[in-house]
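Enquirer: sequence plus predicted model, see below.
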Amino acid sequence: MTSQLQQLKQHSLVVADTGDLEAIRRYQPQDATTNPSLLLKAFSLSGYQALIDEELSTVKASGGSREEQVKHAVDRLAVAMGSEISAVVPGRVSTEVAARLSFDTQASIAKAHELIELYDARGVSRDRVLIKLASTWEGIRAAEVLEREGIQCNLTLLFSDAQAQACFDAGVFLISPFVGRVTDWYKKETGSEYTPENDPGVQFVQGVCERANQGGYDTVVMGASFRTTGQVLALAGCPRLTISPALLEELEATEGSVTAQIRAGEGAGKPTAPLNEAAFRWGHNQDAMANDKLAEGIRRFHDDQLELESLIDKRLG
């Protein structure tokens, strides 16, 4: 009998939620996702040290203020690491726009253009890259513009039906509804433990997949933020699943059959009326969990960005 990981790959495209090249080579995912937290971890990996030194030397030689150098170095390192990953995965690499821009549409668009230009300079075409944006109203509007320009996007930190619907309306290429962080919130609020069958995070992503199917939307749903393999397997059949190396290892080490729990493309294919800004904000506002987790997620990514900038500042000397 084959491993659960190999069985899972029969139902969903598996994406590595890491910047660790060794782990990516081992588990052979289709795509890889990165974020400031993962870049911060990658900063300490031995395999990236020569690349980091090379990029920081280039930034230092380019001149400018220290603040400008540090911010430019973050972008260059994100793209350099993404380029290394793109040489290992057959699909796409997600690279994130800084969390501090989550409420600025025009600045998000400009930063996405900068990242794509950096990838182009390294010989990585835009069709190998997904620009990762927070699923705020402003982030979704930025994605709508970028998609029309042929720059495809991954909308992250997605916790509410309103966020999902607005992304569908905008024609976003891919969304990343979170599982584990949703469940974390409900565990804290209720004091309850959950099985994969009644897990609120799993149920949320199942609902997003159902909404996509019933509306006939082209947007790819990628379940994210898993805490257990039980959550992963409960979403077998979701078009894509981004999974940490620790859970990939557990799935690879476990034999057993995996059955699709979600079947794509079986809905009525009737889109609902698009949400305007007021309806989006009201719908999201009515979900206490989604409000808390979106705000917290942006803060956490920003904190990791600041820590990464601090490390870079020290390395610049």
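Expert: That came in fine, so what should we check first? Numbering: from 1, shown residues only.
Enquirer: what about Asp120, helix or strand, and which?
Expert: helix 105-121 (DSSP states H and E).
Enquirer: residues contacting the very next helix or strand once past that helix, please?
Expert: Once helix 105-121 ends, the next helix or strand along the chain (criterion: DSSP H and E) is strand 129-134. With contacts defined as CB atoms under 8 Å, 6 or more residues apart in numbering, strand 129-134 is touched by 31, 33-35, 82, 86, 92-97, 99, 102, 108, 112, 115-116, 119, 139-140, 142-143, 146, 151-157, 173-174, 294, 297-298, 301. Using the backbone N, CA and C atoms, a C-beta is placed for each residue, glycine as well.
Enquirer: try stretch 269-279
Expert: With CB under 8 Å, 6+ apart as the criterion, stretch 269-279 contacts 137, 162, 165-166, 168-169, 214-217, 283.
Enquirer: then stretch 144-154?
Expert: Against stretch 144-154 from outside (CB under 8 Å, 6+ apart): 33, 94, 105, 109, 112-113, 116, 126-127, 129-133, 143, 170-176, 222.
Enquirer: can you give me the neighbour number for Val124?
Expert: 20 (other CB atoms under 10 Å).
Enquirer: the one 10 residues further on now?
Expert: Residue neighbour count, defined by other CB under 10 Å, stands at 25 for Ala134.
Enquirer: state the distance from it to Arg299.
Expert: The gap separating Ala134 from Arg299 is 11 Å, by CB to CB, to the nearest Å.
Enquirer: could you do Thr34 as well?
Expert: Noted for Thr34: a distance of 19 Å to Arg299, by CB to CB.
Enquirer: do Ser160 as well
Expert: Counting by CB to CB, the gap from Ser160 to Arg299 is 17 Å.
Enquirer: for those two, work out which one has more neighbours and name it.
Expert: Ser160 (24 against 11).
Enquirer: just say helix, strand or coil for the closest residue to the more buried one other than its chain neighbours.
Expert: Once flanking residues are discounted, Ser160 sits nearest to Ala290: 3.5 Å by CB to CB, 6 or more residues apart in numbering. With DSSP: H, G, I helix; E, B strand; the rest coil as the basis, the three-state label of Ala290 is helix.
Enquirer: tell me which stretches of this structure form strands.
Expert: In the chain, the strands defined using DSSP state E lie at 13-16, 31-33, 93-96, 129-134, 153-158, 174-177, 220-223, 240-243.
Enquirer: partner strands of the last one, with direction?
Expert: For strand 240-243, the pairing partners within the sheet under DSSP bridges are strand 13-16 (parallel), strand 220-223 (parallel).
Enquirer: and the strands of the chain as a markdown table, adding mean pLDDT and distance to Thr2?
Expert: Shown next, in a markdown table, are the strands of the chain (pLDDT from 0 to 100; distance: least, CB to CB, whole Å):
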| stretch | mean pLDDT | distance to Thr2 |
| --- | --- | --- |
| strand 13-16 | 97 | 14 |
| strand 31-33 | 92 | 22 |
| strand 93-96 | 96 | 27 |
| strand 129-134 | 98 | 29 |
| strand 153-158 | 98 | 29 |
| strand 174-177 | 98 | 27 |
| strand 220-223 | 98 | 21 |
| strand 240-243 | 98 | 17 |
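Enquirer: most packed of those?
Expert: strand 153-158 (a mean of 30; mean count of other CB atoms under 10 Å).
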